[in-house]
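Trainee: sharing a model prediction with you, sequence too.
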Amino acid sequence: MNAPHPARAGGEFFTAPTAGPHRRYEALRAYLLEGQPAAGVAARFGYTTAGLHSAVADFRAGSRDFFADARPGPRTAPGKDAARARIIELRAEGHSIDEIGAVLTREQIPLNRTGINEVIAEAGLPRIWRRPDALRGGPRRDDVPRARALEPAEVADLPADATTRLAGLLLTLPDLLALDLPALVRAAGYPGTRDIPAVSYLLSLLAWKLTGTRRVSHVHDIAADPGAALFTGLTALPKTTALTTYSYRLAHAKQKAFLTALDTATLTAGLATGEVVNLDFHAVMHWGQDPALEKHYVPSRSQRTRSVLTFFAEDAVSHALLYANADLAKASQAGEVLAFADHWKTVTGHHPDLLVMDSKVTTQTQLGELTDRGIGFITLRARTPKLTATLHALPASAWTTMTVARAGGGTRKVQVIDDPAAKLSSYPGTLRQLAVAGLGHDEPTILITNRDQLPARHVIETYSRRMNIEQRLAEAIRSFGLDSLAGAVPLNVDLDVVLSVLAHTVCAALRRRLPGYATATPDTLQRRFLSTSGHILNRRNETVVRLDRRTYSPVLRQADLPETITIPWLAGRTLRYEYA
């Protein structure tokens, strides 16, 4: 037998293939033609044995596309050649690529922006930036009607059928009526104007929040929508300047009066109990440049930056927001707990029973004031090295094991030391202190409370239910656009947070009507229901809101919505819902 010839230069290409099809070809050749063992072939060409057998099966089934046919592309471009002279002519007149494309479309010369750009580049002509619409005569927004209240005759003469993107927004009307929004506006003393009543102004701002329309876009996104107009009782929503100017007409005292009336309505409607109230601060980051704001810690950025410090109170049972204030500064923030206690006494006639808060919400001196007023509290105590060392030095017998409920369901075992007479540096007297190990932290969590008679299990579980408040506040702020402090429609942030409380309350009321959505977040309601499109049908003295069919339409058909409602700001017109 003749000895094999040595490989010539370039032969290594066949022994060490790199491209996928080539490697597969050589592996199959070695296995099928040369009869080499599967394990050796697989190791040589970088396959697993199972992968090689799979390639063999595909080959036998007809997959043999190892070699690509040479298909040279066209050497001419008829489209560009036909438009070349016209493009150069338009460019000589000073038109940009977008403008040239619009002319070619009108003249039925099919060529996209890439082709136009290539022609201009090949001709060695410079690039011209796109000019504003007003200068280049391009398309503009439709003119939106002037915002004003609908007259009774105009309400009766509304279009027979109008398409709307915001039919779902009108699902909130029953709960706005149940809260008696007109009475809330009167209690706050919000002013109207000659053309726009105060209720309609508030509804215009609320429409943005309930639909999740971002202020960083523009009010024109929904200003002319028939659903938004019907929701507010106006011909169209007020524009940017009107809304901004109106928001800065409202003093802080009016926001306080509105919250007092809203909380009374919330308690009456059973949307909150107020027995246990969670408190927390939330820094809303400012996205503008060089704002005259203090620096606060922003959790979403894990840093201190220029921001507006807001204070929120939520019902611990229903998680409905009960109070908000953005009129804060570092010097006064520690007293906000007492300010809320005063607010609650105005609403209910008595101080809150139990407040649950983080250790940084207030000071030990203010905690003493809460105790003097008979207000219970549960809060954290900072873990100092000395306190931690003292706990570690205690024997295992000092800890009591108990089972507590988890905030999200289920149970867990924890170890507890219950000290009824702990001393704090600035608190007058002693407090009950619970050291709790097993809550998910490396070191024990230290809880302090002035409620000596509460069972230790109840204290731990009550504070555990508060632990997600930062996440819930972040959801509400994101859902209602409160994080757009430098948006295209700048608002008085003090009014903005109050509107967010109102929107949160309306969402809490709506989710009670929807089966299976008792704990849904605002953004879920916005996405699945409030953004539903549909038709507005006007029939004599009745308006029918027909919502388009969606995946969640069966939920609406089973919802606890009234058959008909009467809208006072629409001249007493009756409204009814239908589902396509």
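Mentor: Received, thanks.

Trainee: the bottom helix or strand of this structure by mean pLDDT?
Mentor: Using mean pLDDT, DSSP states H and E, the weakest-scoring helix or strand in the chain turns out to be helix 133-136, at a mean of 50.

Trainee: show me where pLDDT drops low in the stretch 151-300 of the chain?
Mentor: 214-220, 284-300 (pLDDT under 70).

Trainee: show me where it has helices.
Mentor: Using DSSP state H, counting those that start in this stretch, the helices assigned to the stretch 151-300 of the chain run over residues 152-156, 173-178, 181-188, 198-211, 226-232, 240-247, 252-268.

Trainee: ok, the stretch 1-150 of the chain next?
Mentor: Assigned by DSSP H, counting those that start in this stretch, the helices in the stretch 1-150 of the chain fall at 12-15, 20-28, 38-45, 49-60, 78-92, 97-106, 113-122, 133-136.

Trainee: tell me the angle of the third one relative to helix 49-60?
Mentor: Just to be clear, that refers to helix 38-45. Going by axes from the mean of the first three to the mean of the last three CA atoms, to 10 degrees, helix 38-45 is angled at 90 degrees with respect to helix 49-60.

Trainee: so what touches helix 38-45?
Mentor: Residues outside helix 38-45 that contact it (CB atoms under 8 Å, 6 or more residues apart in numbering) are Pro17, Arg23, Glu26, Ala27, Ala30, Tyr31, Tyr47, Thr48, Thr49, Gly51, Leu52, His53. For glycine as for every other residue, the C-beta is placed from the backbone atoms N, C-alpha and C.

Trainee: got the residues you listed as a markdown table, with pLDDT, neighbour count and distance to Asp353 columns?
Mentor: Compiled in a markdown table, the contacts of helix 38-45 are given as follows (pLDDT from 0 to 100; neighbours: other CB atoms under 10 Å; distance: CB to CB, whole Å):
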| residue | pLDDT | neighbour count | distance to Asp353 |
| --- | --- | --- | --- |
| Pro17 | 75 | 17 | 78 |
| Arg23 | 83 | 17 | 74 |
| Glu26 | 85 | 18 | 80 |
| Ala27 | 85 | 23 | 77 |
| Ala30 | 87 | 18 | 82 |
| Tyr31 | 88 | 22 | 80 |
| Tyr47 | 86 | 19 | 71 |
| Thr48 | 87 | 11 | 67 |
| Thr49 | 85 | 14 | 71 |
| Gly51 | 83 | 14 | 68 |
| Leu52 | 86 | 21 | 73 |
| His53 | 85 | 14 | 72 |
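
Trainee: what helices or strands is the one helix or strand Asp419 maps to leaning on?
Mentor: Taking DSSP states H and E as the criterion, Asp419 maps to strand 411-423. If you count contacts as 3 or more CB pairs under 8 Å, 6 or more residues apart in numbering; DSSP states H and E, strand 411-423 packs onto strand 400-405, strand 430-437, helix 456-466.

Trainee: save these as a markdown table, and put in mean pLDDT, distance to Tyr201 and mean neighbour count too.
Mentor: Formatted as a markdown table, those follow (pLDDT from 0 to 100; distance: least, CB to CB, whole Å; neighbours: other CB atoms under 10 Å):
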| stretch | mean pLDDT | distance to Tyr201 | mean neighbour count |
| --- | --- | --- | --- |
| strand 400-405 | 92 | 45 | 13 |
| strand 430-437 | 93 | 47 | 20 |
| helix 456-466 | 90 | 35 | 19 |
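
Trainee: could I get those as TSV with distance to Gly101?
Mentor: TSV is the format used below for the helices and strands packed on strand 411-423 (distance: least, CB to CB, whole Å):
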stretch	distance to Gly101
strand 400-405	64
strand 430-437	67
helix 456-466	58
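
Trainee: mind listing what Thr264 touches?
Mentor: Thr264 touches Val347, counting by CB under 8 Å, 6+ apart.

Trainee: what about it, distance to Glu275?
Mentor: Using CB to CB, to the nearest Å, we find Thr264 at a distance of 16 Å from Glu275.

Trainee: please apply the same query to Ala156.
Mentor: Separation of Ala156 from Glu275 (CB to CB): 48 Å.

Trainee: likewise Gly349?
Mentor: For Gly349 relative to Glu275 (CB to CB), the value is 15 Å.

Trainee: more neighbours: which of those two?
Mentor: More neighbours surround Glu275 than the other of Gly349 and Glu275, with 11 against 7 (other CB atoms under 10 Å).

Trainee: is the more buried one in contact with Asp353, as I believe?
Mentor: Yes - between Glu275 and Asp353 there is a contact under CB atoms under 8 Å: 5.8 Å.

Trainee: just to revisit the earlier point, mind checking the helices and strands packed on strand 411-423 for the one nearest to Leu482?
Mentor: Closest to Leu482 of those is helix 456-466 (CB to CB; 20.8 Å).

Trainee: contacts only, for Gln536.
Mentor: One thing to correct before we go on: residue 536 is Ile, not Gln. Counting by CB under 8 Å, 6+ apart, Ile536 has contacts 158-159, 161-162, 164, 167, 226-227, 230, 543-546.

Trainee: now the strands for the stretch 301-450 of the chain?
Mentor: Counting by DSSP state E, counting those that start in this stretch, the stretch 301-450 of the chain has strands at residues 303-315, 321-325, 354-356, 376-380, 400-405, 411-423, 430-437, 445-449.

Trainee: let me have those in a markdown table, extended by distance to Leu237.
Mentor: Below are the strands of the stretch 301-450 of the chain laid out as a markdown table (distance: least, CB to CB, whole Å):
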| stretch | distance to Leu237 |
| --- | --- |
| strand 303-315 | 25 |
| strand 321-325 | 24 |
| strand 354-356 | 39 |
| strand 376-380 | 43 |
| strand 400-405 | 46 |
| strand 411-423 | 50 |
| strand 430-437 | 51 |
| strand 445-449 | 48 |
